[in-house]
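Asks: my questions are about this predicted structure, shown below with the sequence.
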Amino acid sequence: MESVVIQPALAADKVSLFKVITTKDEIVIGISEGDLAQIEGQNAGGVAKMLVTKGSMSVWQYAVRKSAGGDLEQSPLHKIGLIASDSLRIEPYATPLRVLPIDESKK
């Protein structure tokens, strides 16, 4: 895969955001620093390679929401499963919004 100049957005405890694109739709996912450290390359190419190698993986889907103070922020929505597909593309996702950390207790 090509090297990407844009770095993924990071939260305070380092959640990297990526956009997953298929022929039908696109979503934003977050991968914690610990999980990303286990992925070769620790980038979109590594995530794509791991997905193809394993066939599927569990990740957190992220969405924009309003905070209690009214500011927009990227927040974990729920844990989802990704399945490898020929029409899948994964790329870093940059956002100007605050990125909230993953709360594993909300699985």
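Replies: Right, received. Where do you want to start?

Asks: surely residue 83 and residue 54 touch.
Replies: No - Residue 83 is beyond contact range of residue 54, at 10.0 Å (criterion: Cβ atoms under 8 Å). C-beta coordinates here come from the backbone N, C-alpha and C atoms, glycine included.

Asks: which residue ranges of the chain form helices?
Replies: Counting by DSSP state H, the chain has helices at residues 33-37, 44-54.

Asks: so which of the ones you listed comes closest to residue 24?
Replies: Residue 24 lies closest to helix 44-54 among those, at 16.6 Å (Cβ to Cβ).

Asks: what's the spacing between the residue lying farthest from the centre of the chain and residue 98?
Replies: Distance from the C-alpha centroid of the chain peaks at residue 69, with 24.8 Å (Cα atoms, centre = their mean). From residue 69 across to residue 98, the span is 10 Å (Cβ to Cβ, to the nearest Å).

Asks: try residue 43
Replies: Distance from residue 43 to residue 98, by Cβ to Cβ: 22 Å.

Asks: which one of the two has more residues nearby?
Replies: residue 43 (21 against 14; other Cβ atoms under 10 Å).
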